[in-house]
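Novice: Predicted structure and sequence below. I'll ask about it afterward.
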Amino acid sequence: MADLNEIRRVYQLLETNADGAVTVHEICRFTNKLGIVMAEEDLRLMVRNKGADDCSDSLQFEEFVELYHFIFNCEQDKDIYESEDLMEAFKIFDENKDGYISCEELQRVLSRLELIPHSQQPQECEKMICRFDSDCNGVLDFSEFKCMMSATVSMISL
């Protein structure tokens, strides 16, 4: 199950207009970028069925937590990180097909997904690479990528 602090981080990423709530549009935009294609109207119905306090199609953090678990199915028993699926994800990041993910490749993909603010991308990508680069060669191989994805599964359940 996802850690509450990690869910809060996702919530803060989604809450782009700093109004204290995430909207159906913000959630839908994010899930679609992750490959979880949802019609905005379907998500709007889910939000209303999950008992949002008002009919504004927006969620406060506590309401978002419940929806997060429902959408991303944070249960670890789902085999979403099978090697074949991970290899496909790895290939997306490994743009030059050399078998490694460099900081620049990671930055370009995360930039396209708009998951890290542009001004923070170089620093955040370097931190991510360093954290999982077990052989200290400055890039991630498939094994290191797998560790990185396993560590983030509870945050965004890719």
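Specialist: The structure has been received and is ready for your questions.

Novice: Show me the shaky parts of this structure.
Specialist: 1-2, 35, 49-56, 72-83, 119, 151-158 (pLDDT under 70).

Novice: Give me the domain ranges for it.
Specialist: Under automatic domain parsing, the residue ranges defining each domain of the chain are 4-72, 83-156.

Novice: want to try JSON lines for the ones you listed, with mean neighbour count as columns?
Specialist: In short, each C-beta sits where N, CA and C put it, glycine included. Output for the domains of the chain, formatted as JSON lines (neighbours: other Cβ atoms under 10 Å):
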{"stretch": "domain 4-72", "mean neighbour count": "15"}
{"stretch": "domain 83-156", "mean neighbour count": "15"}
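
Novice: doesn't residue 40 make contact with residue 31?
Specialist: No. The pair residue 31 / residue 40 is not scored as a contact, 10.2 Å apart, by Cβ atoms under 8 Å.

Novice: quick one, strands of the protein?
Specialist: Ranges of strands in the chain, per DSSP state E, are 22-23, 58-59.

Novice: in its sheet, what does the last one sit against?
Specialist: What that stands for is strand 58-59. Sheet pairing of strand 58-59 (DSSP bridges) gives strand 22-23 (antiparallel).

Novice: contacts for the strand it pairs with?
Specialist: Residues outside strand 22-23 that contact it (Cβ atoms under 8 Å, 6 or more residues apart in numbering) are 11, 14-15, 57-59, 64.

Novice: farthest pair in those?
Specialist: 11 and 57 (15.8 Å; Cβ to Cβ).

Novice: re earlier: nearest to residue 131, out of the strands of the chain?
Specialist: With respect to residue 131, and counting by Cβ to Cβ, the nearest of those is strand 22-23 at 27.0 Å.

Novice: Any idea how far the closest one is from the middle of the chain?
Specialist: From the chain centre to the centre of strand 22-23 is a distance of 16 Å (Cα atoms, centre = their mean, to the nearest Å).

Novice: for stretch 105-122, same thing?
Specialist: On Cα atoms, centre = their mean, the centre of stretch 105-122 falls 12 Å from that of its chain.

Novice: do stretch 136-155 as well
Specialist: 14 Å.

Novice: could I get that stretch in PDB with only the CA atoms?
Specialist: This file holds the C-alpha atoms of stretch 136-155, laid out as PDB (Å, rounded to 0.1, in the frame of the first residue of the first chain):
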ATOM      1  CA  CYS A 136      28.300   4.200  -9.900                       C
ATOM      2  CA  ASN A 137      28.800   4.500 -13.700                       C
ATOM      3  CA  GLY A 138      26.400   7.400 -14.000                       C
ATOM      4  CA  VAL A 139      23.700   5.600 -15.900                       C
ATOM      5  CA  LEU A 140      21.000   3.000 -15.100                       C
ATOM      6  CA  ASP A 141      21.000  -0.400 -16.600                       C
ATOM      7  CA  PHE A 142      17.900  -2.600 -16.600                       C
ATOM      8  CA  SER A 143      18.500  -4.100 -13.200                       C
ATOM      9  CA  GLU A 144      18.900  -0.600 -11.600                       C
ATOM     10  CA  PHE A 145      15.900   0.700 -13.500                       C
ATOM     11  CA  LYS A 146      13.900  -2.200 -12.100                       C
ATOM     12  CA  CYS A 147      14.900  -1.200  -8.600                       C
ATOM     13  CA  MET A 148      14.000   2.400  -9.300                       C
ATOM     14  CA  MET A 149      10.500   1.300 -10.600                       C
ATOM     15  CA  SER A 150      10.000  -1.000  -7.600                       C
ATOM     16  CA  ALA A 151      10.800   1.900  -5.300                       C
ATOM     17  CA  THR A 152       8.200   4.200  -7.000                       C
ATOM     18  CA  VAL A 153       5.400   1.600  -7.400                       C
ATOM     19  CA  SER A 154       3.800   2.800  -4.200                       C
ATOM     20  CA  MET A 155       4.000   6.400  -5.200                       C
END
